[in-house]
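> pasted the sequence and its predicted model underneath.
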Amino acid sequence: MAKAYDHLFKLLLIGDSGVGKTCLIIRFAEDNFNNTYISTIGIDFKIRTVDIEGKKIKLQVWDTAGQERFKTITTAYYRGAMGIILVYDITDEKSFENIQNWMKSIKENASAGVERLLLGNKCDMEAKRKVQKEQADKLAREHGIRFFETSAKSSMNVDEAFSSLARDILLKCNCVCTLGGNGNMAPSTDLKTCDKKNTKCSLG
Ligand SMILES: Nc1nc2c(ncn2[C@@H]2O[C@H](COP(=O)(O)OP(=O)(O)OP(=O)(O)O)[C@@H](O)[C@H]2O)c(=O)[nH]1
């Protein structure tokens, strides 16, 4: 039977508790939004397949708990990710300051060459804005990564952000495939880099 996708990319969202990681994933995967806040316990994932450059890209998007007490569990998943999305809340200055710590955590725990993306979420709450777009633009430039302001509530830039990260991974074509292809992301060694540009991943 033909495979339903050309590539499987594993993405991970990190950032302080309450910035909207779960809501961004739900908006992206299910086009839904809920105002109720239920803090993530540990780790979870959702799936959506998108078309990029004529390829079917299955995105397995992992949601991590922002709370410090889950750090040991969540950092174990960094190494399996091809793309990591750092999220802050534009109405919460501390969550933006902490992006530096999340960057450090990526350096310590993720695979070298992992694609990163910075998101300033809750941009529908302009009246409560504490972080200016220029500040985040500057930070993103310093780290050589892309930046979007998003709203999981209004859906602004959500698809664009995920697609842009998927496109960057595809173009870079580290083309990391799962060896087992069973949809599980083990904390450490189930990934392989095939570094063939724009070819179909045969290992997935
Ligand atoms: N106005 C607005 N509220 C949002 C947005 N995204 C999330 N929220 C709200 O912010 C709260 C926290 O959202 P979550 O997605 O659960 O936050 P999280 O980052 O996953 O939090 P942890 O699981 O604790 O790490 C919820 O009450 C959401 O409804 C947004 O884009 N705009």
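Sure, I can see it. Numbers count the residues shown, from 1 in each chain.

> name the residues of the protein found near the ligand, please.
The interface of the chain toward the ligand, taken as CB under 6 Å from any ligand atom, is made up of 17-23, 35, 37, 39-40, 65-67, 121-122, 124-125, 151-153. Backbone N, C-alpha and C define where each C-beta goes, glycine included.

> using the three-state scheme, assign the residue nearest the centre of the chain.
Geometric centre of the chain, nearest residue: residue 85, 3.3 Å, by CA atoms, centre = their mean. At residue 85 the chain is in strand, as set by DSSP: H, G, I helix; E, B strand; the rest coil.

> residue contacts, it?
11, 12, 13, 14, 24, 116, 117, 118, 119, 161, 162, 165 (CB atoms under 8 Å, 6 or more residues apart in numbering).

> hmm, 7 Å instead?
11, 13, 117, 119, 165 (CB atoms under 7 Å, 6 or more residues apart in numbering).

> does residue 39 count as helix, strand or coil?
In three-state terms, and counting by three-state DSSP, residue 39 is coil.

> next up, the contacts around it.
Per CB under 7 Å, 6+ apart, neighbours of residue 39: 17, 65, 67.

> which pLDDT value goes with the closest residue to the last one other than its chain neighbours?
When you say that, I think you mean residue 67. In space, and not counting its chain neighbours, residue 67 is closest to residue 17: 4.8 Å by CB to CB, 6 or more residues apart in numbering. Predicted confidence (pLDDT) for residue 17: 97.

> confirm that residue 17 sits in a strand.
No: looking at residue 17 with three-state DSSP, it is coil, so not inside a strand.

> how about it, phi and psi?
With angles defined as degrees, to the nearest 10, residue 17 sits at phi -60, psi 130.
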